[in-house]
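Chemist: using only what follows, build the 3D model:
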Amino acid sequence: MIKNISNLGDAALYCDFGQEVNKDTNTRVIKYFKSIQKKKIQGVNNLTPSYNKLIVSFDLQKTNFQNLKKEIEDLDIVNNETLSSKKIEIPVCCDDNFSLDIKRLEEKLKMQREKIYENFFDKEFFCYMTGFIAGMPFLGDLDKNLRVKRLETPRVKVPRGSVGLTEQFANIYTFESPGGWNIIGNTPISIFDNSKETSPNLINPGDLIVFKKITKDQYLNYDD
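Modeler: Predicted coordinates for the structure are as follows:
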């Protein structure tokens, strides 16, 4: 299942699952990610999954590359095992104040906004990974007719809660930050809560997401 395992610096191991970016490949990454978490392998101090890679950081005083590589190779990963995941509904308001790039999307996709929203909402998305900023989920896969490139000039500030589209993915900005994704709306709920030390992420790799469109009044009065 892993194509290759190699060193990444002195205290990290790089698991390569191939070049493809799709749900099947990412599911294998997440299965290893969760299996290593569950086994609590001695010396492992951080796991970083991506679309098709997994970085395993470790403490050199407790283990080394060769021992850790063997432990990962010996993990019993069942190919047909169902990946446990949560299904989460995310409310999104597409009021003009929040849908910052809807006109750009209409032009780039050659599609009316009502059709864009129809193709985006009530569809099931799969969380491939979180990152870039804390807890930001990368959610695939967008319908092919909604795929568009990043903004030519990224914004200096993207509002917290913004829901963006780029290429085959949607994401949610967990903090105000720079960014170049096409913003389609905003969610009133907290996707990342750093006061929850053990589980700050609302959305984790492997979870299933459905976006639900809400009105501005519902947004302003939303209680999560």
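Chemist: give the contact list for Phe121.
Modeler: Neighbouring residues of Phe121 by CB atoms under 8 Å, 6 or more residues apart in numbering: 92, 211-213. (Glycine included, C-beta is placed from N, CA and C.)
Chemist: show me where the protein dips below the pLDDT cut-off.
Modeler: Judged against pLDDT under 70, the low-scoring parts of the chain cover residues 78-84, 224.
Chemist: which stretches of it form strands?
Modeler: Per DSSP state E, the chain carries strands over the ranges 4-7, 12-16, 44-49, 53-58, 87-93, 124-130, 137-140, 155-158, 162-166, 169-172, 177-179, 182-186, 208-214.
Chemist: out of those, the one nearest Tyr117 is which?
Modeler: Using CB to CB as the measure, strand 208-214 is the one of the strands of the chain that comes nearest Tyr117, at 6.3 Å.
Chemist: shouldn't Ile102 be in contact with Ile116?
Modeler: Yes. In terms of CB atoms under 8 Å, Ile102 counts as a neighbour of Ile116; the distance is 7.1 Å.
Chemist: ok, Glu20 - how many residues close by?
Modeler: The number of residues packed near Glu20 is 10, by other CB atoms under 10 Å.
Chemist: spatially nearest residue to it, not counting backbone neighbours?
Modeler: Of all residues not flanking Glu20 in the chain, Asn52 sits nearest, at 6.4 Å (CB to CB, 6 or more residues apart in numbering).
Chemist: you'd agree that neighbour is up against Thr27?
Modeler: No. In this structure, Asn52 is not within contact of Thr27 by CB under 8 Å, at 10.7 Å.
Chemist: want to throw the strands of the chain into JSON lines with distance to Ser35 and mean neighbour count?
Modeler: Shown next, in JSON lines, are the strands of the chain (distance: least, CB to CB, whole Å; neighbours: other CB atoms under 10 Å):
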{"stretch": "strand 4-7", "distance to Ser35": "14", "mean neighbour count": "12"}
{"stretch": "strand 12-16", "distance to Ser35": "12", "mean neighbour count": "18"}
{"stretch": "strand 44-49", "distance to Ser35": "10", "mean neighbour count": "17"}
{"stretch": "strand 53-58", "distance to Ser35": "11", "mean neighbour count": "20"}
{"stretch": "strand 87-93", "distance to Ser35": "22", "mean neighbour count": "18"}
{"stretch": "strand 124-130", "distance to Ser35": "17", "mean neighbour count": "22"}
{"stretch": "strand 137-140", "distance to Ser35": "21", "mean neighbour count": "24"}
{"stretch": "strand 155-158", "distance to Ser35": "35", "mean neighbour count": "14"}
{"stretch": "strand 162-166", "distance to Ser35": "30", "mean neighbour count": "23"}
{"stretch": "strand 169-172", "distance to Ser35": "25", "mean neighbour count": "24"}
{"stretch": "strand 177-179", "distance to Ser35": "32", "mean neighbour count": "17"}
{"stretch": "strand 182-186", "distance to Ser35": "35", "mean neighbour count": "24"}
{"stretch": "strand 208-214", "distance to Ser35": "20", "mean neighbour count": "17"}
